[in-house]
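*Asks:* 3D, please:
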Amino acid sequence: MKLKIAVLPGDGIGPEIMKQGVAVVNAIADKFNHEVEFVYALCGADAIDKVGTPFPDDTFTACRNADAVLFAAVGDPKYDNNPTAKVRPEQGLLAMRKKLGLFANIRPVQTFKCLVHKSPLKDEIVSGADFICIRELTGGMYFGEKYQDDDKAYDTNMYTRPEVERILKVAFEYAMRRRKHLTVVDKANVLASSRLWRQVAKEMETSYPEVTTDYMFVDNAAMRMLVEPTFFDVMVTENTFGDILTDEGSCISGSMGLLPSASTGESTPVFEPVHGSWPQAAGKNIANPLAQILSAAMMFEYFGLKEEGSLIRKAVDASLDACVRTPEIQVEGGAVYGTREVGQWIVDYLQRL
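*Replies:* Numbers count the residues shown, from 1 in each chain. All right, here's what the predicted structure looks like:
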């Protein structure tokens, strides 16, 4: 297969982890005789510093013309700590989602047996947790009408029926491929937008009779994720709730550096780790590259290349079992491995198979 991949390293630890992700893609491409072309592009604070905008037109063109986007992270303290900044790195991420029509964010949440002890939850609660959070990505308050002055501010949380139907369709179809259990998360007891979500979901239930569909208020869902994460199979929710719940879910595994994600929709899909740019660690060779590498696995699987994705997952599991880990998940007294060393070990493992 020929693949053209737009590569957006972004800010902070982004360039470091992206090098390892690209190296793994190349190792898989060589093993399976795929032809991969990489097109590098600017985004985030790096793009603001160089061209004045977080998502330049050239970057959009590169993404639109690619088969997939490998994205790392955006964010920089000099913008985070300036509430008056008119241009922010995160605006580039929102622009990318909007311009590419990426309305569905897919975030797997899973535990690794050898790392259950790293989870903030008790072993007996978290063991076996394996679910997917599906977050609507281009509607709601993040994109609704906004206003702010010195005395008043508002963000409009608006959804239309077509927006709700298309994300629910994605969720129902994921549930059909998994354990056939879908949880719709809303705040229908308070919010009109949530009542529309619930209404549409109940209408669509009849088209998926094999799926057990339940409904949960977002506050209850946040609690349930902590006390019984194994309850969930597929969870779907709107943009703001999804932003919060997916970050909560990412901690279940014991490290945000372990979980990948995909954003799909009308145009080129984007594959990225769920963690941020962690600028304090930039250049120190301590960032965990596994989420970036697993994002590459999701990318191959998206194109139906399941063996390739499975091999990457096997290599990641092998690295964890061999205690080839970055500091935040290393066992006490274990050898010291950095970003580069973990990535190289996985590449070497793939080449030996």
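*Asks:* which residues are in contact with whichever strand in the chain runs longest?
*Replies:* The strand that spans the most residues within the chain, counting by DSSP state E, is strand 2-10. Strand 2-10 is contacted by residues 14-15, 18, 22, 25, 29, 34-46, 59, 62-63, 65-74, 89, 268, 277, 299, 303 when judged by C-beta atoms under 8 Å, 6 or more residues apart in numbering. For every residue, glycine as well, the C-beta is placed using N, CA and C.
*Asks:* Which among those count as buried?
*Replies:* For the contacts of strand 2-10, a neighbour count by 16 or more other C-beta atoms under 10 Å gives the buried set as 14-15, 18, 22, 25, 29, 34, 36, 39, 41-46, 59, 62-63, 66-74, 89, 268, 277, 299.
*Asks:* Just the ones of the residues you listed in helices?
*Replies:* Assigned to helices by DSSP state H, the following of these qualify: 14-15, 18, 22, 25, 29, 44-46, 59, 62-63, 89, 299.
*Asks:* Mind putting those into CSV with distance to residue 174 and pLDDT?
*Replies:* Rendered in CSV, the data for these read as follows (distance: C-beta to C-beta, whole Å; pLDDT from 0 to 100):
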residue, distance to residue 174, pLDDT
14, 28, 97
15, 32, 97
18, 27, 98
22, 28, 98
25, 24, 98
29, 27, 98
44, 29, 95
45, 33, 94
46, 33, 95
59, 29, 97
62, 29, 98
63, 24, 97
89, 30, 90
299, 17, 97
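*Asks:* between those residues, which is nearest residue 322?
*Replies:* Closest approach between these and residue 322, by C-beta to C-beta: residue 25, at 21.7 Å.
*Asks:* burial of the residue nearest to that closest one when sequence neighbours are not counted, as a residue count?
*Replies:* Distances taken as C-beta to C-beta, 6 or more residues apart in numbering place residue 296 nearest to residue 25, at 5.1 Å, with adjacent residues excluded. Applying other C-beta atoms under 10 Å, we find 25 residues neighbouring residue 296.
*Asks:* measure residue 296 to residue 172 for me?
*Replies:* With distances taken as C-beta to C-beta, to the nearest Å, residue 296 is found 27 Å from residue 172.
*Asks:* Please apply the same query to residue 267.
*Replies:* Between residue 267 and residue 172 the computed distance is 22 Å (C-beta to C-beta).
*Asks:* which of those two has more neighbours?
*Replies:* Using other C-beta under 10 Å, the more surrounded residue of residue 267 and residue 172 is residue 172, with 23 against 14.
*Asks:* what residues does the helix or strand that contains that one touch?
*Replies:* With secondary structure defined by DSSP states H and E, residue 172 is part of helix 161-177. The contact list for helix 161-177, computed with C-beta under 8 Å, 6+ apart, reads 103-104, 106, 132, 134, 136, 138-139, 181-182, 184, 196-197, 200-201, 204, 207-208, 210-211, 233-234, 236, 264.
*Asks:* Quick one: buried ones out of the residues you listed?
*Replies:* By neighbour count, with 16+ other C-beta under 10 Å, the contacts of helix 161-177 hold 103-104, 106, 132, 134, 136, 138-139, 181-182, 184, 196-197, 200-201, 204, 208, 211, 233-234, 236, 264 as buried.
*Asks:* So for stretch 336-347, what gets flagged as buried?
*Replies:* Applying a neighbour-count criterion of 16+ other C-beta under 10 Å, one finds 337, 338, 339, 341, 342, 343, 345, 346, 347 buried in stretch 336-347.
*Asks:* what about that stretch, average pLDDT?
*Replies:* Rounded to a whole number, the mean pLDDT of stretch 336-347 is 97.
*Asks:* before we move on, what about stretch 129-139?
*Replies:* Looking at stretch 129-139 alone, the average pLDDT works out to 95.
*Asks:* send the alpha carbons of that stretch over as PDB?
*Replies:* These are the backbone C-alpha positions of stretch 129-139, laid out as PDB (Å, rounded to 0.1, in the frame of the first residue of the first chain):
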ATOM      1  CA  ALA A 129     -10.900  -2.100  32.200                       C
ATOM      2  CA  ASP A 130     -11.200  -1.800  28.400                       C
ATOM      3  CA  PHE A 131     -13.500   0.800  26.900                       C
ATOM      4  CA  ILE A 132     -13.700   3.500  24.200                       C
ATOM      5  CA  CYS A 133     -14.700   7.100  24.700                       C
ATOM      6  CA  ILE A 134     -16.200   8.700  21.600                       C
ATOM      7  CA  ARG A 135     -16.300  12.400  21.800                       C
ATOM      8  CA  GLU A 136     -18.100  14.800  19.400                       C
ATOM      9  CA  LEU A 137     -15.400  17.100  18.300                       C
ATOM     10  CA  THR A 138     -16.600  20.000  16.200                       C
ATOM     11  CA  GLY A 139     -19.800  21.300  18.000                       C
END
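*Asks:* For residue 300, see how far away residue 28 is.
*Replies:* From residue 28 over to residue 300 the distance is 7 Å, taken as C-beta to C-beta.
*Asks:* Overlap of the contact sets of the two?
*Replies:* Taking C-beta under 8 Å, 6+ apart as the contact rule, residue 28 and residue 300 both touch 308, 312.
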